[in-house]
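J.: Predicted model and sequence follow; I will ask about them next.
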Amino acid sequence: MAFSVYVETSVISYYAARPSRDIVTAARQAITQEWWNEARQYYEIYISVLVAEEANAGDAVAAQKRSDALSGLPLLEMNDAAESLARQLIDGGLIPKTSAEDALHIALATVHGMDFLLTWNFRHINNAEAKARIGAAIEAFGYECPIICSPEELGGIES
């Protein structure tokens, strides 16, 4: 049985973006494109309505490319449990109020029992301190925290 992966919006944004001149961004784009084209076949990929909405925002050409890439992927539904967990993450100071969408991504992946949350968001989600605090809080709320990682870390080893 394949591992389940919730793909957060930053991943699809890197996948569909025009090539960057910034070396770090360009490397992340290349890693994401390689993961999306080769490694994702080893996982059960999920997105949410929130990812679909965020992917459809912005430049029309880029939004279409993001939307095309997400086409056909199963959607995790927003529910009361996810909204409650997101509020707890914000109220607990783990995610800033101004980044409520980040809390919702974490909550959706958690309440739907995803094995991994795939993201390039190192500011609020995928950094060592945030992951430790988020994981401890989620466990205190009675859930199992998905493994939070980037495409670079989730290598696509056949399950």
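T.: Alright, I've got the coordinates.
J.: Burial check on the nearest residue to residue 55 once chain neighbours are set aside, number of neighbours?
T.: Once flanking residues are discounted, residue 55 sits nearest to residue 66: 4.0 Å by Cβ to Cβ, 6 or more residues apart in numbering. C-betas here are computed from N, CA, C, even on glycine. Residue 66 has 24 neighbours, counted by other Cβ atoms under 10 Å.
J.: Same question for the one 3 residues further on.
T.: With neighbours defined by other Cβ under 10 Å, the count for residue 69 comes to 17.
J.: For the lowest-mean-pLDDT helix or strand in the chain, give me every contacting residue.
T.: Lowest by mean pLDDT, DSSP states H and E among the helices and strands of the chain is helix 60-70, with a mean of 91. With Cβ atoms under 8 Å, 6 or more residues apart in numbering as the test, helix 60-70 has contacts from 12-13, 15-18, 36, 47, 51-52, 55-57.
J.: same thing with stretch 31-38?
T.: With Cβ under 8 Å, 6+ apart as the criterion, stretch 31-38 contacts 11, 14-15, 69, 120, 150-152, 154, 156.
J.: gap between it and the chain center?
T.: Remark: stretch 31-38 is offset 15 Å from the chain centroid, using Cα atoms, centre = their mean, to the nearest Å.
J.: what's the straight distance from one end of it to the other?
T.: 10 Å (Cα to Cα, to the nearest Å).
J.: do the same with stretch 87-95
T.: Span of stretch 87-95 from end to end, Cα to Cα: 9 Å.
J.: buried stuff in it?
T.: 88-90, 94-95 (16 or more other Cβ atoms under 10 Å).
J.: Turn those residues into JSON lines, including secondary structure and pLDDT.
T.: Shown next, in JSON lines, are those (DSSP: H, G, I helix; E, B strand; the rest coil; pLDDT from 0 to 100):
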{"residue": "88", "secondary structure": "helix", "pLDDT": "97"}
{"residue": "89", "secondary structure": "helix", "pLDDT": "97"}
{"residue": "90", "secondary structure": "helix", "pLDDT": "97"}
{"residue": "94", "secondary structure": "coil", "pLDDT": "94"}
{"residue": "95", "secondary structure": "coil", "pLDDT": "95"}
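J.: Can you name the two of those that sit furthest apart?
T.: 88 and 95 (9.8 Å; Cβ to Cβ).
J.: tell me which element residue 121 falls in.
T.: For residue 121, there is no host helix or strand (DSSP states H and E).
J.: For it, which residues are in contact?
T.: 8, 10, 102.
J.: In helices, which of those appear?
T.: 10, 102 (DSSP state H).
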